[in-house]
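Engineer: can you look at this prediction? I've put the sequence above it.
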Amino acid sequence: MYLLRRFSVNHARGMMRIYNTLEKGLIVLQPLWQKIGYERAEKPVALIEKGVKGLLFDCQMCGQCALSDTGMSCPMNCPKQLRNGPCGGVRENGHCEVKPEMRCVWVEAYRGRGLLGTDQSKEVFHEVDYQKIGQSSWLNVVKKHQAEQAAAAEEKSTKQPKA
Ligand code: SF4
């Protein structure tokens with residue numbers, strides 16, 4: 001839904017706030033995901049994610065969400081699937097070279113980043129891991145958080161002096 005996608009960038013601040021709250025909530029529910037099992041939770045969570053984010057951002061379920069870095073403009077809607085910035089073909093009116101009826105997702109990303117107060121000189125680079133395509137990026141965030149926690153706990157235990 002192109003119009004809703006543009007609405008989301010226009011309201012990047014509010015969207016980001018909701019997104020961050022949701023992400024924190026999913027992380028808090030980590031024990032529940034573990035209990036259910038990530039594999040079992042994957043399908044229903046991915047379905048919900050696809051429904052919600054498909055509507056708001058034209059999400060293509062890449063499984064590794066970049067919205068927080070791209071001003072809430074999904075880079076997977078770029079016909080060339082560029083994840084690190086616009087190609088050289090952006091039209092003078094800010095529209096896409098391949099789909100002239102659509103604004104370049106990266107022009108939109110810079111606009112959204114501006115609304116969020118993101119440092120525009122900060123590089124954006126989100127290489128696509130094709131193994132994650134179709135997965136829930138929400139659950140992937142939880143899994144990453146869990147792995148980081150486990151690594152930190154492991155490091156702490158190895159640093160503790162032995163009695
Ligand atoms: S970056 Fe990936 S997960 Fe995020 S909205 Fe776009 S396709 Fe969906």
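Structural biologist: Received it, and whenever you're ready, just let me know what you need.

Engineer: C-alpha from now on. contacts and neighbour counts both.
Structural biologist: Will do.

Engineer: what residues does this structure put near the ligand?
Structural biologist: 57, 59-67, 74-76, 137 (Cα under 6 Å from any ligand atom).

Engineer: one more time with 8 Å
Structural biologist: By Cα under 8 Å from any ligand atom, the residues of the chain that approach the ligand are 50, 53-54, 57-67, 72-77, 136-137.

Engineer: just the buried members of these?
Structural biologist: Buried subset of the residues of the chain next to the ligand (neighbour count, 16 or more other Cα atoms under 10 Å): 50, 54, 57-67, 72-77, 136-137.

Engineer: counting by contacts, list what the worst-scoring helix or strand of the chain on mean pLDDT packs against.
Structural biologist: Within the chain, no helix or strand scores below helix 137-159, which has a mean of 91 by mean pLDDT, DSSP states H and E. Judged by 3 or more Cα pairs under 8 Å, 6 or more residues apart in numbering; DSSP states H and E, the packing partners of helix 137-159 are helix 12-28, helix 38-57.

Engineer: hmm, try it at 10 Å
Structural biologist: Helices and strands touching helix 137-159, as assessed by 3 or more Cα pairs under 10 Å, 6 or more residues apart in numbering; DSSP states H and E, comprise helix 12-28, helix 30-36, helix 38-57.

Engineer: can I get those in JSON lines including distance to Gln81 and mean pLDDT?
Structural biologist: JSON lines is the format used below for the helices and strands packed on helix 137-159 (distance: least, Cα to Cα, whole Å; pLDDT from 0 to 100):
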{"stretch": "helix 12-28", "distance to Gln81": "21", "mean pLDDT": "95"}
{"stretch": "helix 30-36", "distance to Gln81": "31", "mean pLDDT": "94"}
{"stretch": "helix 38-57", "distance to Gln81": "15", "mean pLDDT": "96"}
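
Engineer: would you list those helices in JSON lines and tack on distance to Cys87?
Structural biologist: JSON lines is the format used below for the helices and strands packed on helix 137-159 (distance: least, Cα to Cα, whole Å):
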{"stretch": "helix 12-28", "distance to Cys87": "23"}
{"stretch": "helix 30-36", "distance to Cys87": "39"}
{"stretch": "helix 38-57", "distance to Cys87": "21"}
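
Engineer: quick one: closest of these to His95.
Structural biologist: With Cα to Cα as the criterion, His95 lies closest to helix 38-57 of the helices and strands packed on helix 137-159, at 17.4 Å.
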